[in-house]
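Peer 1: Task: produce atomic coordinates for the following.
(one chain, ligands or ions: 2)
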Amino acid sequence: MSTDAPAGTTHPGHRPGAPAAVQLVNVSRRYQVGGGTVYALRDVNLEIDEGEFVVVLGPSGSGKTTLLNMIGALDAASDGTVTVAGRNLTGASRAELSKLRRDTVAFIFQTFNLFPTLTALENVQCAVEIAGQRRGARAIAEKALTNVGLAERKLHYPAELSGGEQQRVAIARALATGNPVLIADEPTGDLDYRTGVQVLTVLKQQADAGHTVIVVTHNREISRIADRVIELSSGRVVSDGPPLGGGAAVADLRW
Ligand SMILES: Nc1ncnc2c1ncn2[C@@H]1O[C@H](COP(=O)(O)OP(=O)(O)OP(=O)(O)O)[C@@H](O)[C@H]1O
Ligand SMILES: [Mg+2]
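Peer 2: Ligands and ions are numbered 1, 2, ... in the order given. Predicted structure coming up:
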């Protein structure tokens, strides 16, 4: 709980009493490369509340994907502790980590990661079933594809879809799981303005419905719809607070 938060994990948007969805304490991720040490993340302290809409900004190589991978239990910290939905991932068993990936976190990857031999609908349905919802999985998947404007492409294979359409299948797949922590790596990167707005509308709806939404982007304009913006540079958090020109509706954004 936030009241027990170690020093350095409070933040400007914190609502007293709101449970922490994500907490990182003194987290570093190091790689040994050619005799030297590369820090992808260095001494990161963060607390993200349930229901917060957070945008993570930073130049290429600043550690954004590494941060998402920590939160999504796809990678482990070299130092420090990561807690997601009250579970400490440091020292967690493989079974506990896979349960977290199945029940708690929904991931929209920078590189889509769709199964090439499954249709759009099967890709989404499969994720719903893995998340434990066997009954009605197909209907849930169809609704999620409709929400991202892809009802008419549901029987296409990924290779038969444009980059933006594949991205939207990946988004539908994440949303359809219903998992409470939604993590998105450049979800609008390949999308035209109109489709980007459609995707952001869906992400914002998720946050408004109480999901925690963490979005990595290069597009600063998107941060205007967020509750909070975290900026990374060289693996460190260099700023953390409400967005400049915040409080915008998705329809107000221009890029
Ligand atoms: N497996 C690895 N071995 C060594 N260094 C790595 C490895 N993975 C990532 N890094 C380094 O860690 C740093 C952070 O990488 P990361 O992928 O998190 O950046 P990013 O902010 O997501 O960048 P982009 O905007 O280009 O996606 C980079 O300097 C990268 O080269
Ligand atoms: Mg990245």
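
Peer 1: Pull the residues that contact the longest helix along the chain.
Peer 2: Looking across the chain with DSSP state H, the single longest helix is helix 193-208. Residues outside helix 193-208 that contact it (C-beta atoms under 8 Å, 6 or more residues apart in numbering): 51-53, 147-149, 164, 167-168, 171, 175, 182, 184, 187-188, 191, 213, 215, 222, 225, 227, 250-251, 253, 255. Any C-beta I mention is one placed from the backbone N, CA and C, and that applies to glycine too.

Peer 1: Ligand 1 contacts on this structure?
Peer 2: Within the chain, the residues that sit near ligand 1 (C-beta under 6 Å from any ligand atom) are 31, 33, 38, 40, 58, 60-66, 110.

Peer 1: 5 Å instead, please
Peer 2: Residues of the chain lying near ligand 1 by C-beta under 5 Å from any ligand atom: 31, 33, 38, 40, 60-66.

Peer 1: Now intersect the contacts of helix 193-208 with the helices, please.
Peer 2: Within these, residues falling in helices by DSSP H are 147, 164, 167-168, 171, 175.

Peer 1: Closest one of those residues to ligand 1?
Peer 2: Using C-beta to the nearest ligand atom, residue 167 comes nearest to ligand 1 of those, at 14.7 Å.

Peer 1: what's near enough to touch the closest one?
Peer 2: Contact analysis of residue 167 by C-beta under 8 Å, 6+ apart lists 108, 112, 187-191, 199.

Peer 1: Make JSON lines from those and add pLDDT and neighbour count to it.
Peer 2: As requested, these are exported to JSON lines (pLDDT from 0 to 100; neighbours: other C-beta atoms under 10 Å):
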{"residue": "108", "pLDDT": "91", "neighbour count": "25"}
{"residue": "112", "pLDDT": "86", "neighbour count": "18"}
{"residue": "187", "pLDDT": "89", "neighbour count": "27"}
{"residue": "188", "pLDDT": "85", "neighbour count": "25"}
{"residue": "189", "pLDDT": "82", "neighbour count": "15"}
{"residue": "190", "pLDDT": "72", "neighbour count": "17"}
{"residue": "191", "pLDDT": "81", "neighbour count": "21"}
{"residue": "199", "pLDDT": "84", "neighbour count": "24"}
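
Peer 1: which of those residues lies closest to ligand 1?
Peer 2: residue 189 (9.3 Å).

Peer 1: Name the residues that touch stretch 227-239?
Peer 2: Contact with stretch 227-239 is made by 11-13, 28-29, 39-46, 52-59, 62-64, 66-67, 207, 223, 240-243, 246, as judged by C-beta under 8 Å, 6+ apart.

Peer 1: What of stretch 28-37?
Peer 2: Stretch 28-37 has contacts (C-beta under 8 Å, 6+ apart) with 38-44, 63, 66, 70, 75, 77-80, 235.

Peer 1: Let's see the PyMOL selection covering just the buried ones among those.
Peer 2: Remark: buried members of the contacts of stretch 28-37, expressed as a PyMOL selection using 16 or more other C-beta atoms under 10 Å:
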select buried, resi 39+40+41+42+43+44+63+66+70+75+77+80+235
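
Peer 1: In strands, which of the contacts of stretch 28-37 appear?
Peer 2: 38-44, 79-80 (DSSP state E).

Peer 1: Make TSV out of those residues and add pLDDT.
Peer 2: Output for the ones in strands among the contacts of stretch 28-37, formatted as TSV (pLDDT from 0 to 100):
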residue	pLDDT
38	95
39	97
40	98
41	98
42	98
43	98
44	98
79	96
80	97
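
Peer 1: and residue 70, what does it touch?
Peer 2: 24, 27, 29, 41, 76-77, 82, 89.

Peer 1: try 7 Å this time
Peer 2: 24, 27, 29, 77, 82 (C-beta atoms under 7 Å, 6 or more residues apart in numbering).
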